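Undergrad: Using only what follows, build the 3D model:
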Amino acid sequence: MTPFSTDDPTRRRTGRALLGLAALVLAPFSWLWTIDQPFLRATGATAWALLGLALALGVSAARVDRRRWVRTLAVGEGALVVLSLWLYFGVSRLPETTAGALERAPDFTLPDSTGAPVTLSAELARGPVLLVFFRGHW
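TA: Next comes the predicted model:
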């Protein structure tokens with residue numbers, strides 16, 4: 001077998017480990033590339049798929065290739081997947097609200113979508129009111 005033979009199993013596992021590293025590096029950026037797709041933007045599915053691919057490639061390379069850097073890379077990929085899970089599901093949760101059902105909004109007068117003034121107390125006199133806040137302006 002020549003040193004640059006394509007049948008060399010170590011060379012193939014090195015490529016697999018490096019592909020796993022590339023998938024790991026590209027995972028955070030994949031969310032930016034798919035931001036126009038509502039489902040992918042909301043779930044980050046492409047980033048999760050790339051993280052899973054990186055982990056699978058790293059573990060499969062480290063299982064056969066006993067070199068230290070390949071095994072370190074696989075452990076690092078696993079640690080980054082665990083960190084991503086913790087950040088996504090643990091840190092990014094919305095804080096609990098202290099607003100109860102008995103709290104009332106202060107009285108106000110604001111223009112509606114047609115420009116006519118609307119007063120909260122006048123609307124409450126007519127019945128229950130649902131307040132909806134839109135970002136931006138009309």
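
Undergrad: which one is the most centrally placed residue in the chain nearest to, not counting chain neighbours?
TA: Central residue of the chain (C-alpha atoms, centre = their mean): residue 44, 4.4 Å from the mean position. Computed as C-beta to C-beta, 6 or more residues apart in numbering, the closest residue to residue 44 that is not its neighbour in sequence is residue 31, at 5.4 Å. Just so you know, the C-beta spots here come from the backbone N, C-alpha and C atoms, and that holds for glycine as well.

Undergrad: surely that neighbour meets residue 45?
TA: No - using C-beta atoms under 8 Å, residue 31 is not in contact with residue 45, being 9.3 Å away.

Undergrad: who touches the residue nearest to residue 44 in this structure?
TA: Shown here is residue 31, whose contacts under the criterion C-beta atoms under 8 Å, 6 or more residues apart in numbering are 40-41, 44, 46-47.

Undergrad: Apply 10 Å and report the result again.
TA: Under the criterion of C-beta atoms under 10 Å, 6 or more residues apart in numbering, the contact partners of residue 31 comprise 40-41, 43-48, 50.

Undergrad: Any of those residues buried? List them.
TA: 40, 44, 46-48, 50 (16 or more other C-beta atoms under 10 Å).

Undergrad: Which of the residues you listed fall within helices?
TA: Judged by DSSP state H, the subset of those located in helices is 40, 46-48, 50.

Undergrad: tell me which residues in stretch 60-70 are buried?
TA: With the criterion 16+ other C-beta under 10 Å, stretch 60-70 contains buried residues 61-62, 65, 70.

Undergrad: Hmm, I typed the wrong one, I wanted stretch 22-30.
TA: 23-24, 26-27, 30.

Undergrad: Adding secondary structure and pLDDT, write those residues out as a markdown table.
TA: Rendered in a markdown table, the data for the buried residues of stretch 22-30 read as follows (DSSP: H, G, I helix; E, B strand; the rest coil; pLDDT from 0 to 100):
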| residue | secondary structure | pLDDT |
| --- | --- | --- |
| 23 | helix | 92 |
| 24 | helix | 89 |
| 26 | helix | 91 |
| 27 | helix | 90 |
| 30 | helix | 89 |
